[in-house]
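Undergrad: Fold the stuff below for me.
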Amino acid sequence: MATSKKKFDCIEFKRKAQIKIYNRLKNIPPAEQADFYRQSSLSGPLGAWWGAVTESGGKHHGGKRTKSSR
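TA: From the prediction side, this is the model:
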């Protein structure tokens, strides 16, 4: 069975992103690190969803009603 070369390595991509973030934050106090992650989560691709979740106390499920949100 022949193997093919991967076009995209998800694990390598994830590790590079983690190293980049680590190097950016390694000399920053924990409170400022928390601010960085908070701002990143709100301005990232899932920012609107995360904002809705935190404002609703964790009961927002993409428009779907659950027992806890009724």
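Undergrad: pLDDT of stretch 53-70, averaged?
TA: The average pLDDT for stretch 53-70 rounds to 63.
Undergrad: what's the distance between Q39 and K20?
TA: To K20, Q39 is 16 Å away according to CB to CB, to the nearest Å. Where C-beta positions appear, they are placed from N, C-alpha and C, glycine not excepted.
Undergrad: Also S40?
TA: Taking CB to CB, one finds S40 at 12 Å from K20.
Undergrad: Which residue ranges of this protein form helices?
TA: Ranges of helices in the chain, per DSSP state H, are 10-25, 30-43, 47-55.
Undergrad: Tell me which of those approaches S4 most closely.
TA: helix 10-25 (15.6 Å; CB to CB).
Undergrad: Please save the CA atoms from the closest one in PDB.
TA: In PDB, the C-alpha atoms belonging to helix 10-25 read as follows (Å, rounded to 0.1, in the frame of the first residue of the first chain):
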ATOM      1  CA  CYS A  10      -2.900  19.600  11.600                       C
ATOM      2  CA  ILE A  11      -0.700  18.700  14.500                       C
ATOM      3  CA  GLU A  12       2.300  20.600  13.200                       C
ATOM      4  CA  PHE A  13       0.100  23.600  12.600                       C
ATOM      5  CA  LYS A  14      -1.300  23.400  16.100                       C
ATOM      6  CA  ARG A  15       2.200  23.100  17.700                       C
ATOM      7  CA  LYS A  16       3.500  26.100  15.700                       C
ATOM      8  CA  ALA A  17       0.600  28.200  16.800                       C
ATOM      9  CA  GLN A  18       1.100  27.100  20.500                       C
ATOM     10  CA  ILE A  19       4.800  28.000  20.300                       C
ATOM     11  CA  LYS A  20       4.000  31.400  18.800                       C
ATOM     12  CA  ILE A  21       1.500  32.200  21.600                       C
ATOM     13  CA  TYR A  22       3.900  30.800  24.300                       C
ATOM     14  CA  ASN A  23       6.800  33.000  23.100                       C
ATOM     15  CA  ARG A  24       4.500  36.000  23.000                       C
ATOM     16  CA  LEU A  25       3.200  35.500  26.600                       C
END
